[in-house]
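[1] Sequence plus the predicted model coming up.
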Amino acid sequence: MMTPIPQTNNRIVRLNPAFRSVNQCRQRYRILKGSAGSGKSVDLATDYILKLSDSRYAGANLLVLRKFDASNRDSTYAELVGAINRIYGDAAEYVWQYSTNPMRLKCRTTGSEIIFRGMKDDRQREKVKSITFTRGKLVWIWLEEAFEFEASDVEILDDRLRGELPNQNLYYQITMSFNPVNADHWIKARYFDYQDADTFVHHSTYLDNKFCDEAFLRRMERRKLLDPEGYRVYGLGEWGETGGMILTRWKLLDFDRDPSRFDRMVNSQDFGYNHANALGEIGFKDGDLYVCREIYCFEKSTDEIIRMANAAGFRKDLKMWCDSAEPDRIKMWRDAGYRAEGVKKEPGCVRAQIDYLKQRTIYVHPSCPNTAKEAGAWKWKKDRVSGKYTDEPVEIFDDAMAMLRYSIEDVRNPGIPLTPFTIDF
């Protein structure tokens, strides 16, 4: 059964019982490892809003971090605002005050605040050290996608949680939530291999999520059949091994996306419906690739995705390389004003594309989290008999990687004339 929590406006908020121990935990380090779709971020956001709206926790304030500050807007900030709306409905703005520039949330009834920051460099780390609140103290810190952070980042944050608390119900706590990463990550060594009385760890999977949608369940079952090893990591939330990775030179980087800094740019797209439709804007500079933006969605029609691309500002003057197997969809993009064209597929082309990508450094902007996740998970198939890796990539949850492969069509294939790079002012 779900756990009903009545609110003052008589709305009912249903929390997933799999996270009851998480929400009750008062230990200093609360570490949540889980599969994609396990519901951990939704639960954390809901629990934080409930507590920060409760007079029993008066004086509490929350600092929410992603390694790259801009990533908060479409992840943690959106998640917390969604929790406010679920809890308070039409009364949400009477209870919580919103600010997007800078990102900040404030409860009107308790005075508690939520501030959003990043820690990508020394300047941002120094700013985190000097955060102050108009009322109360910083008592809770949430690191979403914690695998992005360095151990030294956590040391800086840990030092912030000290001193006498203004309320006997309050407690200092750092929460880390993340999808599985490789077993060599410092988080595993620090919090899973070594545990003490101050550490609480929690493991969850999409099977624990009572609110998981049917389409996601079907996608995970498909991966279970086609990619058992990938399912073990991203379906069951277990630690991943480092062997068999295809891309070893990719980096998550908050780079300047101004078109003038690139030698040339293209759009690239792998069509999908039940699996992801991945659309990306790729810049090229000195032979390296820069993934500047992405649209990554499921169960959207071509018309819907075109509207999304228009709204996101994807440039129509750039060539758009697409999967040539779907000429009807290519025509729809052309009719919408985009320079869509199908890639040339010949025997061995996938391996040739991969060989090209492996020789380059690929930079992924933090606003492209799905491309980053796929780049960090893209692996060679393993032979079930010998246990050795083959020369074929795993063909599931690789939609952004297909998009990336298509993007190099005119530089990989010298028979295709290069598209000159132009900027419209």
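    Yep, it's here. Just so it is clear, the model here is predicted, and its values are computed rather than measured.
[2] Which pLDDT does the model give the residue nearest the centre of the chain?
    Residue closest to the average C-alpha location in the chain (C-alpha atoms, centre = their mean): residue 369, at 4.2 Å. Predicted confidence (pLDDT) for residue 369: 87.
[3] which non-adjacent residue is nearest it?
    Nearest non-adjacent residue to residue 369, counting by C-beta to C-beta, 6 or more residues apart in numbering: residue 71, 6.9 Å away. Every C-beta, even on glycine, is put in place using the N, C-alpha and C of the backbone.
[4] And stretch 145-162, how far out from the chain middle?
    Averaging C-alpha positions (C-alpha atoms, centre = their mean, to the nearest Å) puts stretch 145-162 19 Å from its chain's average.
[5] Does residue 220 touch residue 213 like I think?
    No: with contact defined as C-beta atoms under 8 Å, residue 220 does not count as touching residue 213 (11.0 Å).
[6] Between those two, which is the more surrounded one?
    Legend: neighbour count by other C-beta atoms under 10 Å for residue 220 and residue 213, higher for residue 220 (21 against 12).
[7] so which helix or strand takes in the more buried one?
    Using DSSP states H and E, residue 220 sits within helix 214-226.
[8] Please state the offset of stretch 230-243 from the chain centre?
    Relative to its chain's centre, stretch 230-243 lies at 17 Å (C-alpha atoms, centre = their mean).
[9] what does that stretch contact?
    Outside stretch 230-243, the residues that touch it by C-beta atoms under 8 Å, 6 or more residues apart in numbering are 33-36, 38, 179-184, 188, 203-206, 220, 223-224, 377, 379, 389, 394, 396-397.
[10] What's the end-to-end length of that stretch?
    Terminal residues of stretch 230-243 lie 12 Å apart, using C-alpha to C-alpha, to the nearest Å.
[11] go on, stretch 286-305?
    Using C-alpha to C-alpha, the end-to-end distance of stretch 286-305 comes out at 31 Å.
[12] State the mean pLDDT of it.
    Averaged across stretch 286-305, pLDDT comes to 94.
[13] ok, now stretch 152-160?
    Across stretch 152-160, the average pLDDT comes to 94.
[14] buried stuff in that stretch?
    By neighbour count on 16 or more other C-beta atoms under 10 Å, the buried set for stretch 152-160 is 153-154, 157, 160.
[15] Would you mind giving those as CSV with distance to residue 100 and secondary structure added?
    Below are those laid out as CSV (distance: C-beta to C-beta, whole Å; DSSP: H, G, I helix; E, B strand; the rest coil):
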residue, distance to residue 100, secondary structure
153, 24, helix
154, 27, helix
157, 24, helix
160, 24, helix
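[16] I'd like to know which of those residues is nearest to residue 45.
    Relative to residue 45, the closest of the buried residues of stretch 152-160 is residue 157; by C-beta to C-beta it sits at 19.0 Å.
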